[in-house]
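Q: Here is a sequence with its predicted model. Questions after.
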Amino acid sequence: MSDQISVDLDKDIFAALIEQHEVQRKWCDQLESESDFSKRKAIFKRLKLELSAHETAEERHLYIPVMQHDEGLDLSRHAITEHHEIDEMIETMEDGRISQETWETTCADLIEKVRHHLREEENEFFKQARKILDDDLQQRLGALYQVEHDEYEKRHAAD
Ligand SMILES: [Fe+2]
Ligand SMILES: [Fe+2]
């Protein structure tokens, strides 16, 4: 992660979000293929930071604007509920009192949930949201999202 926040103004909100979905998929794949437990924990930490930064910026700069429209209520509620479910799994995995077995089961559930969520966003929610938000707004939200995501990662890098 560099110290500079770089914003690509050519990216609209959906291009910016989907680019970071690929980062999440990469961390999920690595987490799945790594067998050493301490390395798994380190990869989980990196995935967690990416997920939290993404969720926060996505809620503020996609779902809240979409929610201003009646036809955007259901999809936004659905997506934010899934974010919450993901957060709860992360919270379980961070609870130092759980067994390694519970950690591993929750980890497998988290990976499955994240993959499902990304697919649903790309195949359904984003397609509907594109029809709801006008082009100019999609473009401006892209920049706001990128700044929010990177600033969040910087603020929480040491968590
Ligand atoms: Fe997303
Ligand atoms: Fe999401």
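A: Received the coordinates, thanks. Ligands and ions are numbered 1, 2, ... in the order given.
Q: CA atoms for contacts and neighbours, from now on please.
A: Will do.
Q: all helices of this structure, in order?
A: Under the criterion DSSP state H, the chain contains helices at 13-33, 37-58, 64-67, 73-94, 100-120, 126-132, 135-156.
Q: Mind putting the ones you listed into a markdown table with mean neighbour count?
A: Formatted as a markdown table, those follow (neighbours: other CA atoms under 10 Å):
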| stretch | mean neighbour count |
| --- | --- |
| helix 13-33 | 17 |
| helix 37-58 | 18 |
| helix 64-67 | 19 |
| helix 73-94 | 16 |
| helix 100-120 | 15 |
| helix 126-132 | 16 |
| helix 135-156 | 18 |
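Q: For residue 7, which of those is the nearest?
A: Nearest to residue 7 among the helices of the chain is helix 135-156 (6.1 Å), distances taken as CA to CA.
Q: Give the rounded mean pLDDT of that closest one.
A: For helix 135-156, the mean per-residue pLDDT is 96.
Q: could you say what helices and strands that helix packs with?
A: helix 13-33, helix 37-58 (3 or more CA pairs under 8 Å, 6 or more residues apart in numbering; DSSP states H and E).
Q: what's the closest of those helices to residue 106?
A: Across the helices and strands packed on helix 135-156, residue 106 has its closest neighbour in helix 37-58 (11.5 Å, CA to CA).
Q: circling back to that earlier point, could I get the helices of the chain as JSON lines with distance to residue 7?
A: Below are these laid out as JSON lines (distance: least, CA to CA, whole Å):
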{"stretch": "helix 13-33", "distance to residue 7": "10"}
{"stretch": "helix 37-58", "distance to residue 7": "14"}
{"stretch": "helix 64-67", "distance to residue 7": "20"}
{"stretch": "helix 73-94", "distance to residue 7": "25"}
{"stretch": "helix 100-120", "distance to residue 7": "22"}
{"stretch": "helix 126-132", "distance to residue 7": "21"}
{"stretch": "helix 135-156", "distance to residue 7": "6"}
